Every structure is written in C-alpha cells, then in structure tokens.
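J.: dropping a prediction and its sequence here:
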Amino acid sequence: MTFSLLLTTSVVYSGGIVTNTNQSAAWVRMLVRDATTDIDAVYYNPAGLTKLADGWHFSISNQMLTQERTVESTFPYLNDGSYVGEVKAPIFPTFYAAYKTGKFAFSFGFNPVGGGGGATFENGLPTMEIPVSTLVPALSSLGVTGYSANMRFEGVSVYFGFQGGISYEINENLSIFAGARYLTASTTYEGYLKDITLTTAAGPTRADAFLTGVAAQAAGGAAQATGVGNSMDGIFALGIPSSLTFAQAVAVGLPAATSQQLQGALLAFGFTSAQIAGMSLADAQNSFYGAATALTAQANQLNATAMLMGDQEADVKQTGSGVTPIIGANLSFLDEDLNIGLKYEFKTNMDLTNETAAGKGFTIGLDPNTGNKIEMFPNGGITNADMPAMLSVGVDYKLADPLKLSVGYHTYFDGKTGWAVNKAGQDVIDKNSIELGIGLEYRLSDKLAISGGYLRTVTGTNALYHSDITHVLSSNSGALGGEYRFSDRVKFNLGVAYTKYTTTTFDKTYNLSGTNVPYKETYGRNNLFLAFGLDFSIFK
C-alpha cells in the first residue's frame, strides 16, 4: 500500500491555470483593463503608457481575497467524503511606477503574478485518507471494522514578479513596448497524518501497532512452516520415498502420529483434507516451504504498511525563478475614443527545487530493492512550474461622453509548458485556457465614476489533470466598484468582485489489492475579492 498525496496547491484567483491577472484595484471594479492607458497599464497594456502626461506616475493597491474549496468523494470506505479548504490572502499588493517624457515611458511593476495565498484543509484530503480507509476491507477478516485519523494540510504559494520596460510612441496612433519580468517563486507545504487508529473487537488500536503485531504472527508462521518442512528431511533419511502419499507412507513404516501431525500442520496453513490426501510427501514439503515464502512476504508487506501508517509530517519549501520577455502595442483611433491594447508574454521556463527537512518529505512507500523510504518531496527534487505564454487583446471604446465600454480577451498557451504532460507521458491539456470579459464605466461627474464587469474563464485541461488539490475549473465572475478623483493628480479605486466556479465531477478508480474500485470526486470553489488602491502623479 502506498500513499499518493499530491501537495501541489494552486491559489490562482483570476487568469490562467497558474497566472494571476487580478493585478490592480481598478481591475477588481470592472474585470477588464487590457486596453487601459492609466498607470495600471504597466501590467495590462504597457505600450499604452505613452498616453500618460509627462512626469512621474505611481499606483499602489491591495486586495483582500478569500476562497472556499469543496471536495466530495464517493470512495466507499471513507468515514465522510466531504472536505472543505479555506484560502486566505489578506495582503495581495501591487505597485506600479512610470516616468513619461516625450515619446518615451519607462516603467516598473511589482505584483504576485502567481499564487498569493495559503490553502488550509483542516481535515485533510481524500488522497490522504483513502489509503487509510482501505485498511478496513483489507483487515476485516482480522476483526477490523473501522478507522480514524488526524489529518491536516496547508500549502502557501506566491510568485512575485519584478517587471521593467520601455514604451515608445511611433506616432499618435501607434505605440510599442518591450520589457521583461523577473519571477521568483516560493511554495511551502506543511501538514501531518497521524494517530491512525483501527476499530477492533478489542477496542481502538493504533494501526501501526496492529499491523506490526499481525506481521509478527505471519513471520512466526513462516518460521514454523520452514521448520516443519525441514523436519521432513528426517523422514526421507529413513528411506521412505518422497513420492508416496501420507497413507502409503504409513503403510511402509511412517509412524501414524507423525503423519497426523504433518497433515494437521497443512490444515492449519489453509490446505483442505482433499488436497492433503492427494499430496506426495515431496508435495507436502514444498507446500510448507511455499507457505513460509508467502507468510514472509505478507509479514514484509504488513511491516511496510505499518511504517506508512505511523505518524508523518510534511515540511517542504520549493523555490525557483525565471524570466518572462514581454512585448506589446497600443493603437488609438477616433480622437482616442477607440483604444486597442495588445500584449504578449512569452513562456517562463521555471523549475522548483525542494528544500525538505530531514524525515519530513512525506513517505509514500519503500524501495523494493533497497528497502529505503521513498519520499514524495525528496530534498533536492525538482518540479516543473513553467508559466505559459499569454496573449491579451483589449478594446476601450467611449460610447458616449460619460460611458466607456471595455472588452478583453486572454489566451494561455498551456499545452507548451513542461507540466502539460504528466509523469506517465500523457497529455493533460486538450486546448488553451481562455478568458473573455466585458466592463462598463459611467462617469457621474468629473470626480466620481462607477463601474461593473463580467468575466468568463474556460479551462482546457482534461480529466488526467484533475485531483482533489490540483483541479482547475471554468468560472464566471462579476464586479462592481468606482473611482474617485481628489484632483487631477490623485485618485482612489475601490472594487468588489465574486467568482463562482463550475462544480465538476470526475470518475476515478483506486487499485485495491488488484481490483479497481470506481468512485467519483466533485470539486467546487468560490472567490471573493475586495480591493482598494491609490493612484497619484507628479507632473513635469
């Protein structure tokens, strides 16, 4: 028996599978900023920064985000197949700065482009509990009727991006951008699986102690079977042929008591009277040796399982870094009533390396050749964490003097990443993930504007990608908020957004002693965003 605990956690709130696009308070209030020419264009439409007035421009904002995840499993041996995980990110900061002079704009951005929070499952996950639950059917013949366990899992992930670049205005209709983002990633996993207890006729018993006890009985039986098999060499030394049955051997001199003892031992090892009657003495000896071999293997398996059922902890940190080249263009028409933003982020090649505390990489099995522990997160182990290339296209159009329409489209080239193929060599991506959003902003006065938006996200993963912790779901998001201008130099953004994910069910199987047990898992999520930010400028 082995555990398949997958502790990789994704806490992306909006965007692709691993990419956050909720990168300003202005975005949270309308969900579409791909053609903006405000200061948050540093991230969304950097070529559009040439539309800023000459001087310095800054933006600082924070989002408070919560996410609830639900997992429902129908695996038949679980005590309770319901699990709830809470993700909290009270601090999700973004900072942008740009200096515009003439036809040039120089920009810098800092933001969490991936991750940005911690997921906590106070009662563990199905992949932690299912192997424990299978002890009940596996040991039912020994009087095991139930189990209990103490489980917890927490994963925290954040990918910080440091972006810089230069925008240049070719003419009043066209600007371009070139830049790059340095990405530094850090993910930590902490959790435990302990106090695994079996319900038996004698009362609650620690699983590892129970299994070790049964293993000792099996090892004793193996030693007994070997001893009886060896003792039969003395019978052959008396000249009794090994080809004779027990009845024939008694007829030529084998003591009846000895024959009865040997046959009784065979009955004890599970052979029937009919089988024993047809055995030759040689067959009987081989049967004892075969029983010894089988019992020894059983004892070894029980001892290995006992080790896995002992208390375990995970204490892992994964780190990595990469560089994302970025290019963009901005087009303006109709006296700037129509603005189009284009941005392409190239793929970020990145691997994460494990820093695992001694003995806390979470043991999932034993090497059959060496007997050494196999850890899920061995120290120095490497996991691919590429961020996919991304194309964004945005359009802002002033429908009337106080009303602006914003439309945005994103596609993420997930199939080109290293993780698009699993360890078995199977594709887990069927098509690119996409997003399509629409937002409206209505200016009530020179100082105050209100806004709202809708965003649809469609993922392209297939069933092979999804587990109770690494699932991604299509979603619908809505937002409301506003902007207040204290002056032409200072403005405040406030927004609230909610995302509801499409609850999805997947068929799964678990191999239990060579038999595939079918079951289903259902995943659901919802997000709540609250954001506020201050933009200010120092004009020349």
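T.: Nice, thanks for sending it over. The model shown is predicted, which means the values in this text are computed figures rather than measured ones. Numbers count the residues shown, from 1 in each chain.

J.: what residues does Thr212 make contact with?
T.: Thr212 makes contact with 302-303, 306, according to CB atoms under 8 Å, 6 or more residues apart in numbering. From N, CA and C alone the C-beta is placed, and that goes for glycine too.

J.: which other residues reach the helix or strand where Glu483 lies?
T.: Using DSSP states H and E, Glu483 sits in strand 475-485. Here strand 475-485 makes contact (CB under 8 Å, 6+ apart) with 14, 25-26, 28-31, 439, 441, 446-457, 491-502, 525, 527, 529, 531.

J.: circling back: the contacts of Thr212 in helices, which ones?
T.: Here DSSP state H is the test, and the contacts of Thr212 give 302-303, 306 as lying in helices.

J.: scan the chain for its longest helix.
T.: Taking DSSP H as the criterion, the chain has its longest helix at helix 207-237.

J.: list the buried residues of it.
T.: By 16 or more other CB atoms under 10 Å, the buried positions in helix 207-237 come out as 207-208, 210-212, 214-215, 218-219, 221-222, 224-226, 228-229, 232, 235.

J.: swap in stretch 531-540?
T.: 531-533, 535-537.

J.: how about these in a markdown table, adding secondary structure and distance to Leu295?
T.: Listed next are the buried residues of stretch 531-540 as a markdown table, based on DSSP: H, G, I helix; E, B strand; the rest coil; distance: CB to CB, whole Å:
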| residue | secondary structure | distance to Leu295 |
| --- | --- | --- |
| Ala531 | strand | 64 |
| Phe532 | strand | 68 |
| Gly533 | strand | 69 |
| Asp535 | strand | 75 |
| Phe536 | strand | 78 |
| Ser537 | strand | 81 |
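
J.: picking that back up, which one of the contacts of Thr212 is nearest Ile39?
T.: Ile39 lies nearest to Ala306 out of the contacts of Thr212, by CB to CB, at 60.6 Å.

J.: with adjacent residues omitted, what lies nearest to the closest one?
T.: Leu211 (3.7 Å; CB to CB, 6 or more residues apart in numbering).

J.: contact partners for the one you found?
T.: 302-303, 305-306, 309.

J.: what segments of the stretch 401-540 of the chain are strands?
T.: Taking DSSP state E, counting those that start in this stretch as the criterion, the stretch 401-540 of the chain contains strands spanning 403-412, 433-443, 448-458, 475-485, 490-501, 504-512, 515-539.

J.: can I get those in JSON lines including distance to Ser243 and mean pLDDT?
T.: Output for the strands of the stretch 401-540 of the chain, formatted as JSON lines (distance: least, CB to CB, whole Å; pLDDT from 0 to 100):
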{"stretch": "strand 403-412", "distance to Ser243": "74", "mean pLDDT": "96"}
{"stretch": "strand 433-443", "distance to Ser243": "72", "mean pLDDT": "96"}
{"stretch": "strand 448-458", "distance to Ser243": "74", "mean pLDDT": "96"}
{"stretch": "strand 475-485", "distance to Ser243": "75", "mean pLDDT": "96"}
{"stretch": "strand 490-501", "distance to Ser243": "72", "mean pLDDT": "95"}
{"stretch": "strand 504-512", "distance to Ser243": "42", "mean pLDDT": "90"}
{"stretch": "strand 515-539", "distance to Ser243": "39", "mean pLDDT": "93"}
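
J.: so can I have CSV of these showing distance to Ala257?
T.: Shown next, in CSV, are the strands of the stretch 401-540 of the chain (distance: least, CB to CB, whole Å):
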stretch, distance to Ala257
strand 403-412, 80
strand 433-443, 78
strand 448-458, 80
strand 475-485, 78
strand 490-501, 74
strand 504-512, 44
strand 515-539, 44
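
J.: which one, of these, ends up nearest to Val316?
T.: Between Val316 and the strands of the stretch 401-540 of the chain, the shortest separation by CB to CB is 23.5 Å, and it involves strand 515-539.

J.: show me what the lowest-mean-pLDDT helix or strand in the chain is packed up against.
T.: Across the helices and strands of the chain, the lowest-confidence element by mean pLDDT, DSSP states H and E is strand 363-366, at a mean of 72. The helices and strands touching strand 363-366, judged by 3 or more CB pairs under 8 Å, 6 or more residues apart in numbering; DSSP states H and E, are helix 281-308, strand 373-375.
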